[in-house]
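> coordinates only, sequence not included:
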């Protein structure tokens with residue numbers, strides 16, 4: 001058993017080893033410290049990246065926003081804080097924090113100036129996506145930060161850093177905060193700024209964890225009490241940062257479940273021949289479902305049944321409001337509702353007309369086939385009587401033969417009423433002629 005465990009440990013060590021391609025401690029520290037300073041080139045790149053991201057958010061272009069995130073040098077001071085905490089370098093912590101504050105201030109102000117001047121003032125989906133951070137953003141920042149710091153500590157640099165910059169999305173939240181400042185929408189400002197704060201804190205925490213895991217020597221000597229104090233501070237900041245996002249994440253999950261259950265309820269329970277759902281308004285915040293119907297009014301017992309069915313869909317406490325026909329026009333947006341009803345009726349009539357046209361075309365085709373069949377039957381019967389004078393009357397029809405075993409077969413049945421019995425050889429000749437005339441290989445003759 002010990003030998004097996006030893007082999008498993010050896011395999012895990014080979015696959016998960018972070019030491020074999022690790023850069024030297026001095027190289028790691030130097031690489032991270034290079035990105036901490038925000039002056040000259042770095043500062044101008046940051047301003048231009050912020051403006052590019054602002055334009056991308058303004059016109060709702062995901063590609064432009066991704067491009068701006070690749071340009072941004074914001075990751076440097078955040079990893080610098082993580083490194084400083086990991087090796088107890090208080091000077092580096094202060095320097096990185098100062099650089100980060102300068103970068104944040106310039107980013108928000110640059111974005112605010114842009115959004116104050118742009119003629120496009122509507123909040124697009126790319127902007128709105130950065131206003132409600134959740135616990136999933138914590139996970140993204142933490143695991144993205146782990147990937148980033150591992151990449152920084154390698155001898156050979158990979159493409160992980162640009163990927164982390166895109167995944168953790170440091171720049172868009174600052175642009176959204178600038179938008180909130182420019183439009184005086186402080187709910188956007190604080191929501192976006194909180195998302196940036198989450199990303200910064202957990203990238204720093206993940207950087208610190210990897211630095212400590214690699215046992216990079218401390219830059220300054222600190223006693224055990226100072227170490228405990230710093231670790232406690234880091235844990236406290238992480239927990240304080242995470243708690244609101246857990247609540248927001250729970251709220252989003254709760255709203256998603258309510259929406260899904262409400263849609264299932266409406267789809268399954270409002271199945272009526274003469275009544276249709278023309279609109280539905282689901283409001284998880286108010287725990288309400290509003291359904292607009294058109295057609296035959298539902299009876300009171302049916303309305304009671306629908307309310308009783310809510311519990312089966314996890315909507316026991318939901319408020320169900322059903323508006324029927326004239327009630328649809330008593331809502332504030334009655335004109336829109338009226339237009340919706342007209343459009344729905346027009347669409348329904350179009351579908352009915354289309355279906356009727358298709359049915360008429362099919363019936364006409366079948367009627368045409370019957371007329372052709374009748375004409376062919378008359379011609380063939382006349383020809384039979386000329387070729388075979390003993391035939392007094394004849395008829396034929398296509399029939400399906402259902403055998404006890406095997407496939408159903410289609411046969412053209414030919415009925416002959418004759419004065420005298422036709423010989424077998426002449427019947428065989430007649431059968432060959434009928435196959436050619438009727439263009440079928442399955443002909444059966446019945447003689448009377």
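Yep, it's here. Quick caveat: nothing in here was measured; it's all calculated off a predicted structure.
> what number of residues lie near residue 116?
The number of residues packed near residue 116 is 13, by other CB atoms under 10 Å. Bear in mind the C-beta positions are built from the backbone N, C-alpha and C, glycine included.
> next one: residue 14
Per other CB under 10 Å, the neighbour tally for residue 14 reads 9.
> does it sit in a helix or strand, and which one?
If you go by DSSP states H and E, residue 14 is part of helix 2-16.
> What mean pLDDT does that helix get?
Summarised as a single mean, pLDDT over helix 2-16 is 71.
> So which elements touch it?
If contacts are counted by 3 or more CB pairs under 8 Å, 6 or more residues apart in numbering; DSSP states H and E, helix 2-16 sits against no helix or strand.
> Tell me which residues of it come out buried.
Buried residues in helix 2-16, counting neighbours by 16 or more other CB atoms under 10 Å, are absent.
> what's the answer for stretch 396-406, then?
The neighbour-count check on stretch 396-406 (16+ other CB under 10 Å) flags residue 396 as buried.
> Same question for stretch 132-139.
132-135, 137-138.
> Then stretch 257-265?
258, 261-262, 265.
> would JSON lines of these with pLDDT, secondary structure and distance to residue 36 be doable?
Formatted as JSON lines, the buried residues of stretch 257-265 follow (pLDDT from 0 to 100; DSSP: H, G, I helix; E, B strand; the rest coil; distance: CB to CB, whole Å):
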{"residue": "258", "pLDDT": "89", "secondary structure": "helix", "distance to residue 36": "46"}
{"residue": "261", "pLDDT": "90", "secondary structure": "helix", "distance to residue 36": "50"}
{"residue": "262", "pLDDT": "91", "secondary structure": "helix", "distance to residue 36": "50"}
{"residue": "265", "pLDDT": "90", "secondary structure": "helix", "distance to residue 36": "55"}
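> Columns distance to residue 382 on top of the residues you listed, output as JSON lines?
Listed next are the buried residues of stretch 257-265 as JSON lines, based on distance: CB to CB, whole Å:
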{"residue": "258", "distance to residue 382": "76"}
{"residue": "261", "distance to residue 382": "72"}
{"residue": "262", "distance to residue 382": "71"}
{"residue": "265", "distance to residue 382": "68"}
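> Closest one to residue 280 out of those, please.
residue 262 (7.9 Å; CB to CB).
> what helix or strand does residue 377 sit in?
helix 334-387.
> likewise residue 103?
Assigned by DSSP H and E, residue 103 falls in helix 90-117.
> elements contacting that helix?
Partner elements for helix 90-117 (3+ CB pairs under 8 Å, 6+ apart): helix 41-58, helix 75-86, helix 171-182.
> how about that helix: buried residues?
92-93, 95-97, 99-100, 102-104, 106-108, 110-115.
> what sits against residue 275?
293-298, 324 (CB atoms under 8 Å, 6 or more residues apart in numbering).
> Max pairwise distance over the residues you listed: which two?
So, the contacts of residue 275 by CB to CB: farthest apart are 294 and 298, at 11.5 Å.
> What's the mean pLDDT across stretch 98-106?
Taken as a whole, stretch 98-106 carries a mean pLDDT of 90.
> Any idea how far that stretch is from the middle of the chain?
Distance, stretch centre to chain centre, for stretch 98-106: 36 Å (CA atoms, centre = their mean, to the nearest Å).
> who touches that stretch?
36-38, 43, 46-47, 50, 74, 76-78, 80-81, 174, 196, 200.
> tell me which element the residue nearest to the spatial centre of the chain is part of?
For the chain, residue 256 is the residue whose C-alpha lies nearest the centre (CA atoms, centre = their mean; 13.0 Å). In the assignment (DSSP H and E), residue 256 maps to helix 224-269.
> in stretch 405-423, what counts as buried?
412, 414, 416, 422.
> Can you tell me what sits against it?
Residues contacting stretch 405-423 (CB under 8 Å, 6+ apart): 384, 388, 390-403, 430, 434, 438, 440, 442-448.
> Can you give me the end-to-end span of it?
Using CA to CA, to the nearest Å, the gap from the first to the last residue of stretch 405-423 comes to 32 Å.
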